[in-house]
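Participant: how would this look folded up:
(one chain, ligands or ions: 2)
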Amino acid sequence: MFCFSGVPKGSKPLLPDGKPRVYDVLARTFIQEEVSTCFALLGDANMNWAARLAEQGCRMIYVRHEHCALAAAMSYSRKTQEVGVATVTCGPGVTQLITALPAAVRARLPVVVFAGEAPLRSGWYNQAIDQAPIITATGAAYRSLHLPERMPIGVRDAFLQARRERRPVVIGVPFDLQARAWEGPEKLPTPSRQMLPRVSPIPPHPDDVARAAELVAGAERIVVFAGMGAVEAKAAAACRALAAKAGGLLTTTLPARGLFHDDPYCIGVTGSFSTETGLEYLKQADLVIAVGSSLAYHAGGGGQLYPKAKTLQIDVDPVAFNQGQEVARHHLRADARLGAEALAAALPARTRTWRSEAMATRLREAKFDSQAFEIDAGLLDPRDVIEVLEKALPQDWEMVNSGGHCSWFFAQMPSRPQEKFLTIREFGAIGNGLSFAMGVAAARPQHRVVLFDGDGSLMMHVQELETIKRHNLNILIVVMNDGAYGSEVHKFRSEGLPEAGSVFGYCDFAAIARGFGLPGESIKNLQGVPEMVAELAKKDGPAIWDFHVSDKVVSPVIRRAHPQPGKSR
Ligand SMILES: Cc1ncc(C[n+]2csc(CCOP(=O)(O)OP(=O)(O)O)c2C)c(N)n1
Ligand SMILES: [Mg+2]
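Facilitator: Numbering: from 1, shown residues only. Ligands and ions are numbered 1, 2, ... in the order given. Model (predicted):
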């Protein structure tokens with residue numbers, strides 16, 4: 001009898017002659033790719049494959065919206081450094097992916113999505129749609145697999161492509177082909193992991209190092225600015241040593257936030273989420289050394305925040321121009337760690353330094369925003385919420401920051417290291433918080449995850465509370481509830497336009513939580529928060545804390561771009 005290792009032991013052969021079906025072999029190929037977690041929403045075109053994948057030991061997280069399957073796979077990928085995997089059915093399952101795909105493309109996340117395609121045998125099928133152009137319009141790749149015996153190679157190649165190009169790859173397989181008897185080779189193709197080039201970090205060229213060292217020697221006020229490339233290259237210590245030798249300061253992009261969290265000369269995030277004090281120092285800088293950063297627009301990569309500075313970029317892929325702006329004139333091509341180490345080694349000892357004890361004290365003690373606002377009775381200042389949570393939440397809890405106006409406040413938790421922080425927002429979409437938290441909870445099941453989200457964003461995919469409950473994911477959801485789309489409210493107020501379309505009132509998330517079977521609390525004063533944290537820490541499982549905050553407190557980033565009537569910036 002034909003016996004393919006893809007059919008799990010004891011599993012009922014689906015064909016009378018005991019032959020596996022194509023979906024059995026496809027599922028086996030995913031297992032061979034070491035896929036251990038898959039975020040799924042089932043339909044005709046993926047359910048048989050998914051059932052076989054689950055039978056073979058893959059942990060399935062069954063979500064309630066396809067967007068959330070992909071978004072969760074994205075944060076899972078970021079946290080594990082592995083390829084994230086999601087599955088959706090054909091047609092309407094695929095079209096639901098269209099907001100998450102560009103977000104994954106821009107965040108350079110390797111993800112593989114197993115999607116069905118409409119059956120080829122029918123002249124008409126109600127869910128049929130031309131999937132390839134929809135997917136490729138987002139910047140993701142689409143692989144349509146129509147020759148059964150080559151499909152396992154197609155799957156393996158999708159993993160190779162996702163890893164090499166660091167972007168999502170969607171595999172489309174017509175479900176009538178999936179149901180055919182397997183007639184192809186018995187052996188699966190070599191898995192992608194065995195084929196990946198084994199390469200070492202790229203060292204810098206001595207000429208680049210010499211030129212860069214000369215530039216640094218001529219500068220007085222240096223800021224070392226690290227991005228995700230520095231995180232991935234484990235370049236934190238090298239950046240600190242470089243900044244120390246150059247007598248300069250340290251900063252990061254928002255996704256790399258916390259890389260220097262315990263360094264007294266770290267000025268926090270550079271970009272839209274900079275603090276007041278950080279901005280002051282950036283304005284004085286005469287050289288920014290960007291390590292492992294693509295110098296994106298929202299990170300101020302074009303020098304908006306450091307107008308007097310030259311920029312030296314240390315990166316494996318140096319760029320002069322990015323996202324519509326000139327970003328760097330000076331380049332040192334190298335792995336972030338090796339480049340920073342070589343530059344530090346080439347610098348002569350300095351007699352002058354920008355650093356001082358007074359500066360370190362100021363950086364430690366300054367409020368991240370000192371603007372005063374009038375707060376209505378019974379409502380909280382979001383900055384006070386953050387201060388209390390920053391002190392109360394255990395250091396080993398995983399932080400997930402969502403979008404919206406409130407995300408500025410949530411990013412200001414300076415004691416938290418980078419490995420405990422996640423934000424993915426390169427496409428600027430709200431509504432991803434629950435999914436990202438689910439992906440992190442799946443990647444780090446031994447730790448509690450804290451999601452910081454806005455009320456509008458949370459409502460956009462509130463159905464995922466059911467997923468979180470059913471899988472008992474260990475997530476605390478902190479809602480900054482201002483009863484509105486705060487971003488829009490503040491922009492409307494700045495323009496003097498009616499704000500009605502952006503205000504919906506204070507929704508009762510504690511009651512919504514209970515409706516989904518989760519514990520929920522409405523929090524209108526902050527005294528009890530440390531005890532609540534201590535109580536929660538004693539047990540596992542999800543919870544929602546709904547902080548009712550004032551919509552009068554405007555974050556510095558909105559104030560800069562949209563001055564508020566009667567207020568200074
Ligand atoms: C998918 C999507 N739809 C709409 C927007 C526009 N938008 C940006 S911020 C925001 C408000 C988010 O509200 P909430 O989550 O309550 O956070 P807040 O701004 O109130 O702090 C909206 C609607 C967007 N960025 N993404
Ligand atoms: Mg809101």
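Participant: What ranges does the stretch 101-250 of the chain have for its helices?
Facilitator: Assigned helices in the stretch 101-250 of the chain, in chain order: 131-136, 151-165, 175-178, 192-195, 206-217, 228-232, 236-245 (criterion: DSSP state H, counting those that start in this stretch).
Participant: got these as CSV, with mean pLDDT, distance to residue 386 and mean neighbour count columns?
Facilitator: (Glycine included, C-beta is placed from N, CA and C.) CSV is the format used below for the helices of the stretch 101-250 of the chain (pLDDT from 0 to 100; distance: least, CB to CB, whole Å; neighbours: other CB atoms under 10 Å):
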stretch, mean pLDDT, distance to residue 386, mean neighbour count
helix 131-136, 98, 39, 17
helix 151-165, 98, 36, 21
helix 175-178, 98, 48, 22
helix 192-195, 97, 41, 14
helix 206-217, 98, 36, 16
helix 228-232, 98, 23, 22
helix 236-245, 98, 24, 22
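Participant: Helix, strand or coil: sort out the residue nearest to residue 97 when sequence neighbours are not counted for me.
Facilitator: Closest residue to residue 97 apart from its sequence neighbours, by CB to CB, 6 or more residues apart in numbering: residue 70 at 5.3 Å. Going by DSSP: H, G, I helix; E, B strand; the rest coil, the secondary structure assigned to residue 70 is helix.
Participant: Pick out the residue nearest the middle of this protein.
Facilitator: The C-alpha lying nearest the average C-alpha coordinate of the chain belongs to residue 424 (CA atoms, centre = their mean; 2.8 Å).
Participant: Return the residues of the stretch 401-550 of the chain in contact with ligand 2.
Facilitator: Proximity of the stretch 401-550 of the chain to ligand 2 (CB under 5 Å from the ion) is limited to residues 454, 455, 456, 482, 486.
Participant: For the helix or strand encompassing residue 331, which strands pair with it and how are they oriented?
Facilitator: Using DSSP states H and E, residue 331 sits within strand 330-333. When sheet partners are counted by DSSP bridges, strand 330-333 sits next to strand 310-315 (parallel).
Participant: what mean pLDDT would you report for the strand it pairs with?
Facilitator: Per-region confidence: strand 310-315 scores 98 on mean pLDDT.
Participant: Please work out which residues outside it touch it.
Facilitator: Residues outside strand 310-315 that contact it (CB atoms under 8 Å, 6 or more residues apart in numbering): 204, 212, 215-216, 219, 229, 286-295, 303, 319, 327-334, 336, 339-340, 343.
Participant: Can you select the buried ones among those residues for me in PyMOL?
Facilitator: In PyMOL, this line selects whichever of these come out buried by 16 or more other CB atoms under 10 Å:
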select buried, resi 204+212+215+216+219+229+286+287+288+289+290+291+292+293+294+295+303+319+327+328+330+331+332+333+334+336+339+340+343
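Participant: Counting neighbours, what do you get for the closest residue to residue 162 other than its chain neighbours?
Facilitator: Beyond its immediate neighbours in the sequence, the residue positioned closest to residue 162 (CB to CB, 6+ apart) is residue 110, lying 3.9 Å away. Each residue near residue 110 was counted by other CB atoms under 10 Å, and the total is 23.
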